[in-house]
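K.L.:
output the structure for:
(one chain, ligands or ions: 1)
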Amino acid sequence: MKGYFSLPFFPLKKSEFRERFAIIFLSTISWLYPFSLLAQPSLSELCPTPVLSRLQSHRVVSGETIDSIARQYNLVPQTVIGVNTGLEGRPVQPGQELLIPPFNGIKITVPDGATWQDLSTAYGIRSDVLFEVNGCVETPKVVFIPGVNWQPGQRPSQDNYIGLRGYPLPTVAQVGLSYGWHIEPNTGESFFHGGIDILAEEGTPVLAADGGEVVYVGQEGNYGFLVIVDHGNGRQTRYGHLSRFGTRIGQSVQVGDVIGYVGTTGRPDILNPHLHFEVRFKSPVGWVAQDPQIHLKLN
Ligand SMILES: [Zn+2]
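P.N.:
Here you go, the predicted structure:
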């Protein structure tokens, strides 16, 4: 072993160097791999995905305005204008793609040298919240400031929503079917999936993704056994295909409370057992399903 780790490369020819390096590299990563599964997650792994990486896109259709689009996503128009450059004072055009954040706020370019603490003082939002919402980077550059009142020195709005506080299962699991349009493999027809299917064994406890009031417990078409939790401020989460319930209608729940158990009731879109999880926002045309991934802190 002597000499193996000390200066092994210098006496080698280029081809030998490459070969030796590849062997050391591959043996090191294959050895480390099982340990990496056990290792503590790093700070950046624990950190939520930054809001500016969780924007969904909206294609403008004829007759829509910035105001109507903002209302559709339960946002104020300034939020939509703030993350889409060049919108101010101009009507939107059909076919135009807009970026939509999961909650109200403004995107700003941080002045050189400004810290999270400086931003916190200026906008009245806790610095740890700003740090987390923006992906836990040390030096803020282009950031999203959550809230509705963005003039420095003003108080933040009453609605401090910055995403769901919890996750609907005890551990973060793989998504078997994502939100959005999909092609049904047998028929070739496209269908819209209004939530995400999170893979989990039948019987796994299903948890309230945030605090609120249980407003529906029952059987509902394709959803099968369904629980709906209302979180206030025009926000709901839905939990479908449950095997049984763990809550009653009208009950107040805290984030993490068991509200049911994973099952296969209704008409699931994929065969593997899963939780169908939806996030809905109240719009003038009724409840609109948004991509839950932009509301979940851990993806
Ligand atoms: Zn589903």
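K.L.:
Phe281 reaches Arg235, doesn't it?
P.N.:
Yes: under the criterion of CB atoms under 8 Å, Phe281 makes contact with Arg235 at 6.0 Å. No exception for glycine: its C-beta is placed from N, CA and C like everyone else's.
K.L.:
name the residues contacting each of those two.
P.N.:
Any residue near both Phe281 and Arg235 by CB atoms under 8 Å, 6 or more residues apart in numbering counts here, and that gives Asn74.
K.L.:
quick one, phi psi at the residue nearest to Pro50 when sequence neighbours are not counted?
P.N.:
Nearest non-adjacent residue to Pro50, counting by CB to CB, 6 or more residues apart in numbering: Gly135, 3.3 Å away. As for Gly135, its main-chain torsions (degrees, to the nearest 10) stand at phi 80, psi 20.
K.L.:
neighbours of Gly135, how many?
P.N.:
Residues lying near Gly135 (other CB atoms under 10 Å) number 17.
K.L.:
what about it, distance to the ion?
P.N.:
Distance, Gly135 to the ion, using CB to the ion, to the nearest Å: 28 Å.
K.L.:
contact partners of whichever strand or helix holds Gly176?
P.N.:
Gly176 is part of strand 175-177, with elements assigned from DSSP states H and E. Here strand 175-177 makes contact (CB under 8 Å, 6+ apart) with His193, Ile196, Asp197, Ile198, Leu199, Asp269, Ile270, Asn272, His274, Gln293.
K.L.:
same thing with stretch 49-57?
P.N.:
83, 97-103, 105, 107, 133-135, 142-144, 146, 162-163, 290-291, 293-294, 297, 299.
K.L.:
swap the cut-off to 10 Å and go again
P.N.:
If you take CB atoms under 10 Å, 6 or more residues apart in numbering as the criterion, stretch 49-57 is touched by 48, 73, 83-84, 97-103, 105, 107, 132-137, 142-146, 162-163, 179-180, 290-291, 293-299.
K.L.:
thinking again about what came up before, list the strands paired with the strand holding Gly176, with their directions.
P.N.:
strand 196-199 (antiparallel) (DSSP bridges).
K.L.:
Provide a list of residues in contact with the closest residue to the ion within the chain.
P.N.:
Per CB to the ion, His276 is where the chain lies closest to the ion, at 3.5 Å. His276 makes contacts with 168, 176-177, 193-198, 222-224, 226, 238-242, 262, 266-270, as judged by CB under 10 Å, 6+ apart.
K.L.:
that one in helix, strand or coil?
P.N.:
Assigned with DSSP: H, G, I helix; E, B strand; the rest coil, His276 falls in the strand class.
K.L.:
Ser68 versus that one, what's the distance?
P.N.:
From His276 across to Ser68, the span is 29 Å (CB to CB, to the nearest Å).
K.L.:
thinking again about what came up before, mind listing what the residue nearest to Pro50 touches?
P.N.:
Gly135 makes contacts with Ser44, Cys47, Pro48, Thr49, Pro50, Val51, Leu52, Ser53, Val143, Phe144, as judged by CB under 10 Å, 6+ apart.
K.L.:
how about the residues of the protein near the ion?
P.N.:
Asp197, Asp269, His276 (CB under 5 Å from the ion).
K.L.:
kindly format the C-alpha coordinates of stretch 235-253 as PDB.
P.N.:
The C-alpha trace of stretch 235-253 is given here as PDB (Å, rounded to 0.1, in the frame of the first residue of the first chain):
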ATOM      1  CA  ARG A 235     -56.400  27.400   0.200                       C
ATOM      2  CA  GLN A 236     -57.300  23.700   0.400                       C
ATOM      3  CA  THR A 237     -55.500  20.400   0.200                       C
ATOM      4  CA  ARG A 238     -57.200  17.200  -1.000                       C
ATOM      5  CA  TYR A 239     -56.200  13.600  -0.100                       C
ATOM      6  CA  GLY A 240     -57.700  10.900  -2.400                       C
ATOM      7  CA  HIS A 241     -57.900   7.100  -2.800                       C
ATOM      8  CA  LEU A 242     -57.700   6.600   1.000                       C
ATOM      9  CA  SER A 243     -58.400   3.100   2.500                       C
ATOM     10  CA  ARG A 244     -60.000   4.600   5.600                       C
ATOM     11  CA  PHE A 245     -60.400   7.900   7.400                       C
ATOM     12  CA  GLY A 246     -58.600   9.300  10.500                       C
ATOM     13  CA  THR A 247     -60.600  12.400  11.000                       C
ATOM     14  CA  ARG A 248     -64.200  13.800  11.100                       C
ATOM     15  CA  ILE A 249     -65.800  16.700   9.200                       C
ATOM     16  CA  GLY A 250     -65.500  20.000  11.100                       C
ATOM     17  CA  GLN A 251     -62.400  18.800  13.000                       C
ATOM     18  CA  SER A 252     -59.500  21.300  13.500                       C
ATOM     19  CA  VAL A 253     -56.200  19.700  12.500                       C
END
